[in-house]
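Peer 1: build me a structure from this.
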Amino acid sequence: MKSRRELMFGAAGLGALLVATSAQARTMTASASPSSLEGAGWPPTDPTYVTVSGGTPPYSYEWVHIGGTGYVYPNDPAGESTTFYWDGPWGGPPKFSRWVCVVTDSASQTATSNTVTVNFDPTM
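Peer 2: The predicted structure is shown next:
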């Protein structure tokens, strides 16, 4: 039979394990797929989707332009999936734009997706 000390240590160890497991479950990641989209301007590109792991639902989404050509916009800038379209002068070389999705959970924790590159080729 276990001593009272062994039982208390075991219970404390279990409590620490539960706290650690709970903290790990709340760690949040976000991934966008596909990460490369192509289009001719209009109609928009195929959609890209964000998958969230961990965190505390519900989630909010914000697509953020991080580089490349302007005039590229998400059709749903607050959606977990979106298509992109071109809204600028046309012609010349292909245009590209880079985007990430910033996901915020109900506990105000954030995760940023991988980069999505959007290419528009006026010759398509």
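
Peer 1: which residues does Ala40 contact?
Peer 2: Ala40 sits next to Phe120, Asp121, Pro122, Met124 when contact means CB atoms under 8 Å, 6 or more residues apart in numbering. All C-beta spots, glycine's among them, are computed from the backbone N, C-alpha and C.

Peer 1: Pro34 is in contact with Asn114, correct?
Peer 2: No - Asn114 lies out of contact with Pro34 (CB atoms under 8 Å); the separation is 10.4 Å.

Peer 1: on that earlier part again, neighbour-wise, which of the contacts of Ala40 leads?
Peer 2: Using other CB atoms under 10 Å as the neighbour test, the contacts of Ala40 are led by Phe120, with 24 neighbours.

Peer 1: for that one, give its distance to Trp86.
Peer 2: 5 Å (CB to CB, to the nearest Å).

Peer 1: same check, this time on Val103
Peer 2: In terms of CB to CB, Val103 sits 25 Å off from Trp86.

Peer 1: okay, these two: which has more neighbours?
Peer 2: Counted by other CB under 10 Å, Val103 and Trp86 do not tie: Val103 has more neighbours, with 24 against 21.

Peer 1: so what's Asp121 closest to, chain neighbours aside?
Peer 2: Of all residues not flanking Asp121 in the chain, Pro94 sits nearest, at 4.3 Å (CB to CB, 6 or more residues apart in numbering).
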